[in-house]
Each structure stands twice: as structure tokens, then as C-alpha cells.
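> Need coordinates for the following:
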Amino acid sequence: MKIKNSLKSLKNRHRENRLVRRKGRVYIINKLNPRFKARQG
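Below is the predicted model:
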């Protein structure tokens, strides 16, 4: 999992990426390709 300041660029790397907010943190999750997981905050 990557921890980044800005997730906007990571979101565009794969069309299945979803931006999700959980417990005050912002995540990118990808069911098809989990290597694109990322967290902010």
C-alpha cells in the first residue's frame, strides 16, 4: 500500500480504482488489482 499526500494521480492509473473515505482517511481500493491500494492521512 502506498501512503501519499495526493491521491488524484494514483486514482487515474487504473479504471477500477475507487476513492473511499473511512474513519477520516482517504483510500484508493481496487478489487481487481490490489497493488493499486493507497492511503492518505
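
> Output stretch 7-16 as CSV - backbone C-alpha positions only.
Listed in CSV are the C-alpha atoms of stretch 7-16, where the atom choice follows Å, rounded to 0.1, in the frame of the first residue of the first chain:
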residue,chain,number,x,y,z
LEU,A,7,-4.2,10.5,-4.4
LYS,A,8,-5.6,12.2,-7.5
SER,A,9,-2.8,10.9,-9.8
LEU,A,10,-3.0,7.4,-8.3
LYS,A,11,-6.7,7.2,-8.9
ASN,A,12,-6.2,7.6,-12.7
ARG,A,13,-3.7,4.8,-13.0
HIS,A,14,-6.4,2.1,-13.3
ARG,A,15,-10.1,2.4,-14.3
GLU,A,16,-11.3,0.2,-11.4
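
> tell me the mean pLDDT for it?
Confidence for stretch 7-16, expressed as mean pLDDT, is 95.

> what bridges to the spatially most central residue of the chain?
Compute the mean C-alpha point of the chain, and by C-alpha atoms, centre = their mean the closest residue is residue 28, 1.7 Å away. Judged by DSSP bridges, the bridge partners of residue 28 are residue 19, residue 38.
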